[in-house]
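>>> Got a predicted model here, sequence first, then my questions.
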Amino acid sequence: MKKVNFIYLLLLISCLISGTTLFAQKYPVTVCAEKGLIIFVGNDAQKELQYVVEKKEGNSSNYSPLIILRKPSTLVEFKSLLLYYSTMVTSINVGDEKIVQNAWNELNNSTSGKTPVFANIPAVALASGLAYYDTAVSINNTYTYKVSVMNNGKSISSTESQPVKFVNQIIANSITFKLKTTDEKHVYIEWKVLGMPKPTSFEVFRSIVSKTEFTNTAVIKGFRSSGDTLILVVKDTLVRPNENYRYYIQAKDLFGNSFERSEQVRVSANSNASDPIVFKFNAISNEKRRAIELNFTIKPTPEIRGITIERSEEFDGKYSLLANIPITDSNYFDKSATPFKSYYYRMVIHTLNGKTFPSSNVSGFLSVKQFLMSPFNFLATTTKKGVDLSWENSEPNIVGFIVYRCEGYKGILEPISQVISPKDLLKGSFTDSLVQPKKVYSYAVKSVDKLMTESYFTDTLSVIPSKNMNPPVTPTRLRAKPSSTEIMLTWDDMYSQEPLIIGYNIYRKKSTEKDQNFVKLNSEILSNQHNYYSDSTITPEFSYSYAVESIDVFELPSGKSALVQSALITPKPVSPSGIRLFNQPEGVLITWDEPENRDISEYRLFRINGDSKPILLEKFKPGISTAIDKTAKADNFYVYYLISVSKYNVESDVIGEVSIRR
């Protein structure tokens, strides 16, 4: 019996039902969500396609650009986006690597014009570049969106959505009480929802009857289905014997919109459970299935939470989990059993009150006429595309092969391919492109017959991929704002465009130097939230050029950004003050008071004769505070002033002009 993640399956079915109307419409489609509007832009997840999204508000005739959506380029990028959107809308189980891998595989294998099944789940659609979550909207305002589809940079279509008003909607479908069971340590309650729409998540609130306050409570939650009825299941294991409690649930739909609050249920933690029973349990060899077949009958009770099958190689040895099975099953096929080897099995029933009821142990033995031979001459080679695997086969009774992989040398091998059925079954090959450089991967292959019986593994091979990765996006709009003590650099937030970016590096050189003289300023990578940098390790006499680069999770750098040039703002020096003029026989004597400033390199003395332009008479070093103008002529009127010049060649303002008649 193939194991099924029931909650995940129910979620997918619910999303498909809820999304039937949505995806039947003409794109773009806009849906009200908890925090804004979600715009579904299309159903083609081809890597060469981009979706340009624009928005206008009310009756405006002008669209404003929002974003350019594209399919994620790697599984790591897809998982990062999926993790982000899973906090906002309904999602798959991001912690389940198989489910995430299946969603990614389907996205990569999707054909033009056909919506991938997983994309009916909002978080997957958002992470796949097939939808956009616009949170910059206001209550009761109306918005229209335009989506332009680009193929390799060329526009192929442009479509407008219907105007949509953003409202905080409460879904009116009632959530009503169905049943409850309790004992001294556990409370089990079911609520039911009839028809559509159906919730996809819910929170549980509890209060002690002697108190009035409800609090969000950590409980075990789940779903099950009965016809057109969705049943919401709650198990509370944090109760005290004989205490009275009240419960209600607050459910949400695919897009985070809230349902009306459920009915309140009052319960008392006391026992009313009965013990389940397993009988007619036996194990027989099934040669056609190449498996040990377990048959059993279970006395059904409402207290059963689940059933597990355990296996050991010794009657009184350590039993390990073999499978979780639905409570409605009556048989199970152990295809992992090795022929001509004895095994011992037992079933364990788990009840709502946390108790377990193991069955008696039974023995099983698989007897077959022949074994499936494993593939041989198994080879693994790293290429620019990833890891190329190849093998040979001499087993005539097979239909194909399955490739297994794990990370590291000692991990658990998991299948990463469907059944590979080449035309020539004597040889097989597979390319694993979903790998990262500098990581160890181990591979093995099994043969499979028409009954899906698998052979033993080939020898396990371990490799370190040398796959080339695309560099991250280059930072844009590098800007410099100088002051007298530092130059503040800022650039666009690239992490919001590419979540694989982990940070930035800053480079500097003197503007007159060549590019090979760039020096990295930061000793450690700046955070991806740190799109700014202050440089105070510079002097005013030089102008500097700066560049910034992105660094991604694979430690690959982007290209350097466009250069920006800047220099410190040097303050003006203080002018000499107290200028005094005296007529002397040899000329005009000028004296002044020196300012206290160590950055002054010289003083410059100017004279104005009538309406003529100022004439530079002389330059003086600091420490000199007198001068004689021997060129001044009798009966002429003169105006004198001095300025200071800093060592950075910055002149002071002109103050204190003084006049005299010779």
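Done, it's in. Predicted, not measured: the structure shown is a model, and the values here were computed from it.
>>> Please name the spatially closest residue to the residue nearest the centre of the chain (chain neighbours excluded).
Centroid check for the chain by CA atoms, centre = their mean gives Ser80 as the closest residue, at 2.4 Å. Take Ser80 and drop its neighbours on the chain: the residue closest to it by CB to CB, 6 or more residues apart in numbering is Pro499, 4.3 Å away. Glycine gets a C-beta too; all of them are placed from N, C-alpha and C.
>>> Wasn't the residue nearest to the centre of the chain part of a helix?
Yes: assessed by DSSP: H, G, I helix; E, B strand; the rest coil, Ser80 belongs to a helix.
>>> That one is in contact with Ile501, isn't it?
No: with contacts counted by CB atoms under 8 Å, Ser80 stays clear of Ile501, the gap being 10.3 Å.
>>> residue ranges with poor pLDDT in the stretch 351-500 of the chain?
Scanning the stretch 351-500 of the chain for pLDDT under 70 picks out 353, 368-371, 466-469.
>>> need the strands for it, in chain order.
Under the criterion DSSP state E, counting those that start in this stretch, the stretch 351-500 of the chain contains strands at 356-358, 362-365, 376-383, 386-392, 400-407, 414-415, 427-432, 441-448, 461-463, 479-482, 487-490.
>>> of all the ones you listed, which gets the most neighbours per residue?
Of all those, strand 441-448 has the most neighbours on average by mean count of other CB atoms under 10 Å, namely a mean of 23.
>>> which helices and strands does it pack with?
Where contact means 3 or more CB pairs under 8 Å, 6 or more residues apart in numbering; DSSP states H and E, strand 441-448 is packed against strand 376-383, strand 386-392, strand 400-407, strand 427-432, strand 461-463.
>>> Now for Ser545: which residues touch it?
Ser545 is in contact with Arg508, Lys509, Lys510, Ser511, Leu563, Val564, Gln565, counting by CB atoms under 8 Å, 6 or more residues apart in numbering.
>>> what about the stretch 551-662 of the chain, any weak spots by pLDDT?
In the predicted model of the stretch 551-662 of the chain, residues 554 satisfy pLDDT under 70.
>>> OK, contacts around Cys359?
Just so we're on the same page, residue 359 is Ser rather than Cys. Ser359 neighbours (CB under 8 Å, 6+ apart): Val278, Phe281, Phe296, Arg346, Met347, Val348, Ile349.
>>> of those residues, closest to Leu581?
Val348 (110.5 Å; CB to CB).
>>> partners of the closest one in the sheet?
On the basis of DSSP bridges, Val348 is bridged to Thr308, Pro358.
>>> coming back round to it: now the helices and strands packed on strand 441-448 in JSON lines, with distance to Glu303?
Converted to JSON lines, the helices and strands packed on strand 441-448 look like this (distance: least, CB to CB, whole Å):
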{"stretch": "strand 376-383", "distance to Glu303": "49"}
{"stretch": "strand 386-392", "distance to Glu303": "49"}
{"stretch": "strand 400-407", "distance to Glu303": "38"}
{"stretch": "strand 427-432", "distance to Glu303": "46"}
{"stretch": "strand 461-463", "distance to Glu303": "48"}
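>>> Let me see the ranges of the helices in the protein.
Ranges of helices in the chain, per DSSP state H, are 6-24, 75-85, 97-109, 122-127.
>>> Confidence-wise, which of those helices is weakest overall?
Lowest mean pLDDT of those: helix 6-24, a mean of 46.
>>> So for the residue nearest to Thr217 when sequence neighbours are not counted, what's the pLDDT?
Closest residue to Thr217 apart from its sequence neighbours, by CB to CB, 6+ apart: Arg206 at 4.3 Å. We have a pLDDT of 90 for Arg206.
>>> Arg206 touches Asn244, doesn't it?
No: taking contacts as CB under 8 Å, Arg206 lies outside contact range of Asn244: 11.2 Å.
>>> And those two? Which one has more around it.
Between Arg206 and Asn244, Arg206 has the larger neighbour count (other CB atoms under 10 Å), namely 22 against 14.
>>> And that one, how close does it get to Phe457?
49 Å (CB to CB, to the nearest Å).
>>> Asp388 too?
With distances taken as CB to CB, Asp388 is found 19 Å from Phe457.
>>> So what's the residue count around the residue lying closest to Asn522 once chain neighbours are set aside?
Leaving out its chain neighbours, the residue that sits closest to Asn522 by CB to CB, 6+ apart is Ile506, at 5.4 Å. Ile506 has 21 neighbours, counted by other CB under 10 Å.
>>> Tell me the confidence at Ile506?
Looking at Ile506, its pLDDT reads 96.
>>> distance of it from Asp552?
Distance, Ile506 to Asp552, by CB to CB: 17 Å.
>>> swap in Leu352?
The gap separating Leu352 from Asp552 is 48 Å, by CB to CB.
>>> what about Gly503, how many neighbours?
Using other CB under 10 Å, Gly503 is surrounded by 19 other residues.
>>> I misspoke; the intended subject was Ala547.
22.
>>> wait, isn't it in contact with Leu563?
Yes: the pair Ala547 and Leu563 qualifies as a contact (CB under 8 Å) at a distance of 5.5 Å.
>>> which neighbours do these two share?
Shared between the contact lists of Ala547 and Leu563 (criterion: CB under 8 Å, 6+ apart) are residues Leu478.
>>> if we can go back for a sec, to Gln516, which of the helices and strands packed on strand 441-448 lies closest?
strand 376-383 (32.9 Å).
>>> Next, the angle from the closest one to strand 427-432.
On the basis of axes from the mean of the first three to the mean of the last three CA atoms, to 10 degrees, strand 376-383 is oriented at 30 degrees to strand 427-432.
>>> hmm, who's touching strand 376-383?
Residues outside strand 376-383 that contact it (CB under 8 Å, 6+ apart): 387-394, 431, 443-445, 458-459, 461, 463-467.
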